[in-house]
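*Asks:* Please work out how this folds:
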Amino acid sequence: MAAFLIYILKAAVVLAVLHSLYRLCLKRETLHSLNRAVLTGIMAAAVALPAVRITTASPSPMAVAVADAEAFIVSQADAGAQASPSAAGKAAAGGEGGMALWPRLVTVAYAGALALCLLRYALSLGSLWLMIGGSRRLRVAGVPQWVRVVECRGLTVACSWMHWVMLPPGLHGDKLRAVLAHELGHVRMGHSWDMLLCEMVTRLLWFLPSAWMLRDDLRDVHEYQADRRVLTAGIDADGYQRLLIETAAAPAAATAANSLCRSAVKRRLYMMCRHPSARTAALKAAYLLPIVAVAAVAFARPTMVSKARQTLERAEAEAPLLSPRALTEAAAKAVEPAPDAPGPRQPELAEAPAARPEGMGAVAASIAAPAADSLRPAAMTVNIDPKPAAKAPADGKPEWSGLDVAPLTVMEYRIMPEKFWIERHADETHLVMLKHIESDRQFIRLDGKSRYIEDRKTGDRYMCRGIEGVGKKVVEAYITGHKGDVVRFTLIFPPLDDQVDAISIRKDGEKTVPVYRLKDVERKPTRIIR
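*Replies:* Just a heads-up that it's a prediction; the model follows:
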């Protein structure tokens, strides 16, 4: 849900900026083919740029700002999933978690309006096909065989769609020639394909005024091109202009069709009468390049994993005892009990459902981000309160403190391209995930009970063996003493075959999950230098 909202907002920003500059620079020019290409390119950029994954060596200030906005949306959308049942009850009653409700309301409102817009367009296409089905086929000289010309009863103005030309009854002579030349211009130049893409983008961004204005501008350009085809076909310009004025008051055809009177007649007459624009005016279209580059930089994500790993390895080489792993192991040895002394009792953890049942795409959003070190059972400093009854609330969940803190800032955590990574060891595979702790006492559910890594090529499943440092496959506890930290969790899986190339991390019952190339999410285990 959060990823979809972020995609839609990015697409809206790209389209609004590019289209506003089109209106400022190119709308009044007579370079109709160029304007058509620019408008189509704007729609393609709005759809593609937010979905393209671009990585850079270091984050730009704009990328950091975009990442902060994305993190806010993700945190709000995931607040309900991460909260405890009692917190969810408070949110429903208007308590602390009330903010988590707004992304759901926005999503429901957007989806409802989108469904309505698509339904209206589907009805328009349906009425068009019904009209074509009840029409009479005409044989007209000079019309290509692949073009179907039909006469439709009840139609007041000519229109076209794909390879169909629909004419009202009673056309003949010069008027028929002018109307056919105009509609054949639409058909031969493939304007219906442009409008199909435009209608989909417009309805995807139904809340954006620029999307609807772009649709009108594209229709105008199509009419200018068709009018130019008529004039170059040898048809009298004065008679054709009078025909446009006569049909101006006629009701337009279905929304999906290219209609003779769709655009404002005044603008079409103005374009037919004005002098052609100079070819140098085409240079104005160069504004697209810097704007697209700015958008690409704003949506880019830095490649932080290798940089963080190199920095940590260099620091360990210079001062190995200052590394988190060395300090942890040194402390563990210092407090290690005698061989005959009884060790501390390992508390039992209640099994609980997964916090994010939507798949690895959701796990990456809520338990996320690559760091620079892996966890081993001997070095895991996990202290789950052995007396949860004294500190835990009425639900009886234990408290979890002393977790391993990743050597990352919150900003680095937010701008990482993938919020997890895979480590391959000799006898096991680690799925390392991180979580940003936002409160003094934050509830967490970590479930590996039905989690598995799937080889997308063979379908083989590598089932989770447990959570490192815990000894069980499910953790349900309150994390304390880590506000503002990025803490690390490791799920243990069997060793992957060398032939594994593409993977998904999923749970039983999930149908749609992201697919990752193993080399993109794999990193080597961190070395311990003593």
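
*Asks:* Show the contacting residues for the closest residue in space to Lys519 that isn't next to it in sequence.
*Replies:* In space, and not counting its chain neighbours, Lys519 is closest to Asp501: 7.9 Å by Cβ to Cβ, 6 or more residues apart in numbering. Yep, even glycine has a C-beta here, placed from its N, CA and C like the rest. Asp501 sits next to Arg456, Lys457, Arg517, Leu518, Lys519 when contact means Cβ atoms under 8 Å, 6 or more residues apart in numbering.

*Asks:* Now list the buried members of these.
*Replies:* Among these, those classed as buried by 16 or more other Cβ atoms under 10 Å are Arg456, Leu518.

*Asks:* my guess is Asp427 meets Ile492, correct?
*Replies:* No. Asp427 is beyond contact range of Ile492, at 10.0 Å (criterion: Cβ atoms under 8 Å).

*Asks:* Is Val432 located within a helix, as I assumed?
*Replies:* No. Under DSSP: H, G, I helix; E, B strand; the rest coil, Val432 falls outside any helix and is assigned strand.

*Asks:* related to what we said a few turns ago, any chance of JSON lines for the contacts of Asp501, columns pLDDT, secondary structure and distance to Gly469?
*Replies:* Shown next, in JSON lines, are those (pLDDT from 0 to 100; DSSP: H, G, I helix; E, B strand; the rest coil; distance: Cβ to Cβ, whole Å):
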{"residue": "Arg456", "pLDDT": "86", "secondary structure": "coil", "distance to Gly469": "30"}
{"residue": "Lys457", "pLDDT": "87", "secondary structure": "coil", "distance to Gly469": "32"}
{"residue": "Arg517", "pLDDT": "86", "secondary structure": "strand", "distance to Gly469": "29"}
{"residue": "Leu518", "pLDDT": "88", "secondary structure": "helix", "distance to Gly469": "25"}
{"residue": "Lys519", "pLDDT": "86", "secondary structure": "helix", "distance to Gly469": "28"}
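
*Asks:* Low-confidence ranges, the chain, go.
*Replies:* Applying pLDDT under 70 to the chain flags residues 1, 55-60, 75-100, 249-256, 259-263, 300-396.

*Asks:* Summarise which helices and strands the longest helix seen in it is packed against.
*Replies:* Using DSSP state H, we find that the single longest helix of the chain is helix 102-133. Counting contacts by 3 or more Cβ pairs under 8 Å, 6 or more residues apart in numbering; DSSP states H and E, helix 102-133 packs against helix 2-25, helix 61-82, strand 164-167, helix 191-204.

*Asks:* hmm, 10 Å instead?
*Replies:* Applying 3 or more Cβ pairs under 10 Å, 6 or more residues apart in numbering; DSSP states H and E, one finds that helix 102-133 makes contact with helix 2-25, helix 61-82, strand 148-151, strand 159-161, strand 164-167, helix 191-204.

*Asks:* List the buried residues for it?
*Replies:* For helix 102-133, the neighbour count (16+ other Cβ under 10 Å) marks Pro103, Val106, Thr107, Tyr110, Leu114, Cys117, Tyr121, Leu125, Leu128, Met131, Ile132 as buried.

*Asks:* mind listing what the helix or strand just after that helix pairs with, with the direction of each?
*Replies:* Downstream of helix 102-133, the next assigned helix or strand under DSSP states H and E is strand 136-138. When sheet partners are counted by DSSP bridges, strand 136-138 sits next to strand 148-151 (antiparallel).

*Asks:* what's the distance between the partner strand and the middle of its chain?
*Replies:* 42 Å (Cα atoms, centre = their mean, to the nearest Å).

*Asks:* Send me that strand as PDB with only the CA atoms.
*Replies:* Provided in PDB are the C-alpha atoms of strand 148-151 (Å, rounded to 0.1, in the frame of the first residue of the first chain):
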ATOM      1  CA  ARG A 148     -13.400   0.100 -42.200                       C
ATOM      2  CA  VAL A 149     -15.800   2.900 -43.100                       C
ATOM      3  CA  VAL A 150     -19.300   2.500 -41.600                       C
ATOM      4  CA  GLU A 151     -22.500   4.700 -41.500                       C
END
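
*Asks:* Not counting its own residues, what contacts that strand?
*Replies:* 131-140, 143, 160, 162-171, 180, 183-184, 187 (Cβ atoms under 10 Å, 6 or more residues apart in numbering).

*Asks:* can you do 7 Å?
*Replies:* 132, 135-138, 140, 143, 163-167, 169 (Cβ atoms under 7 Å, 6 or more residues apart in numbering).

*Asks:* Going by neighbour count, list what's buried in that strand.
*Replies:* Residues of strand 148-151 classed as buried: Arg148, Val149, Val150, Glu151 (neighbour count, 16+ other Cβ under 10 Å).

*Asks:* One more: stretch 420-435?
*Replies:* For stretch 420-435, the buried set under the neighbour-count rule, 16+ other Cβ under 10 Å, comprises Phe420, Trp421, Ile422, Glu423, Arg424, Thr429, His430, Leu431, Val432, Met433, Leu434, Lys435.

*Asks:* Contact partners for Ala237?
*Replies:* Counted by Cβ under 7 Å, 6+ apart, Ala237 has contacts Leu231, Met272.

*Asks:* go again using 10 Å as the cut-off
*Replies:* Going by Cβ under 10 Å, 6+ apart, Ala237 touches Asp227, Val230, Leu231, Met272, Cys273.

*Asks:* Name the nearest of the buried residues of strand 148-151 relative to Ala295.
*Replies:* Arg148 (41.6 Å; Cβ to Cβ).

*Asks:* Look up the residues forming beta bridges with the closest one.
*Replies:* Trp164.

*Asks:* could you dump the buried residues of stretch 420-435 to TSV with distance to Trp193?
*Replies:* Output for these, formatted as TSV (distance: Cβ to Cβ, whole Å):
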residue	distance to Trp193
Phe420	40
Trp421	42
Ile422	42
Glu423	48
Arg424	47
Thr429	47
His430	49
Leu431	44
Val432	47
Met433	44
Leu434	45
Lys435	46
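
*Asks:* thinking again about what came up before, tell me what angle the longest helix of the chain forms with helix 2-25.
*Replies:* Between helix 102-133 and helix 2-25, the angle comes out at 60 degrees (axes from the mean of the first three to the mean of the last three Cα atoms, to 10 degrees).

*Asks:* Helix 102-133: how far from the chain's middle?
*Replies:* Distance, centroid of helix 102-133 to centroid of chain: 21 Å (Cα atoms, centre = their mean).

*Asks:* orientation of it relative to helix 191-204 in degrees?
*Replies:* Using the same axes, to 10 degrees: helix 102-133 against helix 191-204 is 150 degrees.

*Asks:* Ile492 contacts Glu428, correct?
*Replies:* Yes. Assessed by Cβ atoms under 10 Å, Ile492 is found in contact with Glu428 at 5.4 Å.

*Asks:* any idea how far the residue nearest to Lys519 lies from Thr429?
*Replies:* 15 Å (Cβ to Cβ, to the nearest Å).

*Asks:* can you check Val486 too?
*Replies:* Distance of Val486 to Thr429, computed by Cβ to Cβ: 22 Å.

*Asks:* Leu288 and Gly41 touch, don't they?
*Replies:* Yes. If you go by Cβ under 10 Å, Leu288 and Gly41 touch, sitting 6.7 Å apart.

*Asks:* of these two, who's got more company?
*Replies:* Shown here are Leu288 and Gly41; by other Cβ atoms under 10 Å, Leu288 has more neighbours (18 against 15).

*Asks:* mind checking which helix or strand that one is in?
*Replies:* Per DSSP H and E: helix 288-299 holds Leu288.

*Asks:* Next, the buried residues of that helix.
*Replies:* Leu288, Val292, Ala295, Val297, Ala298, Phe299.

*Asks:* quick one: contacts for the first one?
*Replies:* Think Leu288. Applying Cβ under 10 Å, 6+ apart to Leu288 gives the contacts Leu18, Leu21, Tyr22, Cys25, Leu26, Val38, Gly41, Ile42, Ala45.
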